[in-house]
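S.K.: Pasted the sequence and its predicted model underneath.
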Amino acid sequence: MPVHIGAKAHDFSDPMGLLSDCHRRIEMFLGVLQGIAGVIDRPLSEENAKALDSALQYFRQAAPKHNADEEESLFPRMRRIRQPEMRSAIAKVEGLEKDHRWAAPLHEEIERLGRIRLSGSSLTGTEIAMFREAVDELAEMYREHIRVEDEAVFPVAARLLPDADRKAIGEEMAVRRNIRPTGAGAKPA
Ligand SMILES: [Fe+2]
Ligand SMILES: [Fe+2]
């Protein structure tokens, strides 16, 4: 189960495009976790162990930055815009923020159980079931969450936010990743 991360299509001058690129990585690493869930009751091959390690690392380190991009940089600026189209996009944001909170303990559980497995210890039957259930629940939640953001939130934000706001969001995203947003071409790690 090799992990491939596709070429990033956007840079910090297009923050909403960049956020959608992050969704593609979330989907890819969820797919890795779903694949691992199917074999978590057996000895992990070296390749599967590397894939699991990469997925755990992604959800531990990068995914929280994505949530912060949305909750600290994007959504507050959307809330300041009064147009009706933006108001209806904003009506969906509360549910999205709740999803972020709801997912956190599931991610923690997957991290805890995945670390045990990577240490070479096997999981109990209960732990295997918990790992599989947590992965299934996350995959189901993210399917709709990402659809709403990609189809009903980001396009409205890209259209209605002033240039200065879009630029500020891109700069804040870069700072979150310790990258200097040196204009077009600068991309997140
Ligand atoms: Fe989100
Ligand atoms: Fe998102």
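M.R.: Received it, and whenever you're ready, just let me know what you need. Ligands and ions are numbered 1, 2, ... in the order given.

S.K.: Now for residue 96: which residues touch it?
M.R.: For residue 96, the contacting residues are 70, 75, 145, 148-149, 153, by Cβ atoms under 8 Å, 6 or more residues apart in numbering. Bear in mind the C-beta positions are built from the backbone N, C-alpha and C, glycine included.

S.K.: for this protein, what spans make up the helices?
M.R.: Under the criterion DSSP state H, the chain contains helices at 15-39, 46-57, 63-68, 75-79, 84-90, 93-118, 125-148, 154-160, 163-176.

S.K.: thinking again about what came up before, which of the contacts of residue 96 sit farthest apart?
M.R.: 75 and 145 (13.6 Å; Cβ to Cβ).

S.K.: Near ligand 1, which residues of this protein are found?
M.R.: The chain comes close to ligand 1 at residues 70, 96, as judged by Cβ under 5 Å from the ion.

S.K.: Show me the shaky parts of the chain.
M.R.: Scanning the chain for pLDDT under 70 picks out 1-8, 181-189.

S.K.: Let's see that with 90 instead.
M.R.: For the chain, the stretches with pLDDT under 90 are 1-13, 179-189.

S.K.: just so I know, which of the helices of the chain lies nearest residue 9?
M.R.: Residue 9 sits nearest to helix 15-39 of all the helices of the chain, at 5.9 Å, using Cβ to Cβ.
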